[in-house]
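>>> Compute the structure for the input listed below.
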Amino acid sequence: MTEVVNFDTCVPRDMESNLMTVAQVASILGYSVQHTRLLIRRRKLHALKLGRDWAISRDDLTQYMDSHQHNQISIKSGRKKPNRSLD
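Prediction:
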């Protein structure tokens with residue numbers, strides 16, 4: 001299901017082009033929409049609440065991707081991270 005959000009009524013025009021929907025961000029990150037919303041709820045990914053929808057700025061997405069770069073590499077390569085024992 002495609003997420004349709006009308007930012008016109010909530011956000012000034014100059015900010016509108018900087019904002020993305022949860023579905024757009026999920027696609028970029030390679031996560032599900034549900035997981036992306038979980039990141040927002042856990043405050044791992046900063047987002048703005050606009051009515052009942054969430055919007056993520058490109059700057060916040062870039063910051064998240066930079067701080068989780070090692071996770072992104074393992075997700076994209078499909079390789080599992082090695083298990084490290086606490087011995």
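
>>> And the helices in this protein?
Secondary structure of the chain (DSSP state H): helices at 13-16, 22-29, 33-41, 58-67, 69-77.

>>> Of these, which is nearest residue 47?
helix 33-41 (4.6 Å; CB to CB). C-beta coordinates here come from the backbone N, C-alpha and C atoms, glycine included.

>>> contacts for the closest one?
Outside helix 33-41, the residues within contact range by CB atoms under 8 Å, 6 or more residues apart in numbering are 3, 22-23, 25-26, 29, 31, 45-47, 54, 56, 64.

>>> Highest neighbour count among the residues you listed?
Per-residue neighbour counts (other CB atoms under 10 Å) across the contacts of helix 33-41 peak at residue 25, which has 26 neighbours.

>>> where does residue 51 fall, phi/psi-wise?
Taking degrees, to the nearest 10, you get phi 70, psi -120 for the backbone angles of residue 51.

>>> can you list the contacts of helix 33-41 in JSON lines and add pLDDT and distance to residue 39?
Converted to JSON lines, the contacts of helix 33-41 look like this (pLDDT from 0 to 100; distance: CB to CB, whole Å):
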{"residue": "3", "pLDDT": "51", "distance to residue 39": "16"}
{"residue": "22", "pLDDT": "97", "distance to residue 39": "10"}
{"residue": "23", "pLDDT": "97", "distance to residue 39": "14"}
{"residue": "25", "pLDDT": "96", "distance to residue 39": "9"}
{"residue": "26", "pLDDT": "96", "distance to residue 39": "9"}
{"residue": "29", "pLDDT": "94", "distance to residue 39": "9"}
{"residue": "31", "pLDDT": "95", "distance to residue 39": "8"}
{"residue": "45", "pLDDT": "97", "distance to residue 39": "4"}
{"residue": "46", "pLDDT": "97", "distance to residue 39": "10"}
{"residue": "47", "pLDDT": "97", "distance to residue 39": "9"}
{"residue": "54", "pLDDT": "96", "distance to residue 39": "10"}
{"residue": "56", "pLDDT": "97", "distance to residue 39": "10"}
{"residue": "64", "pLDDT": "95", "distance to residue 39": "8"}
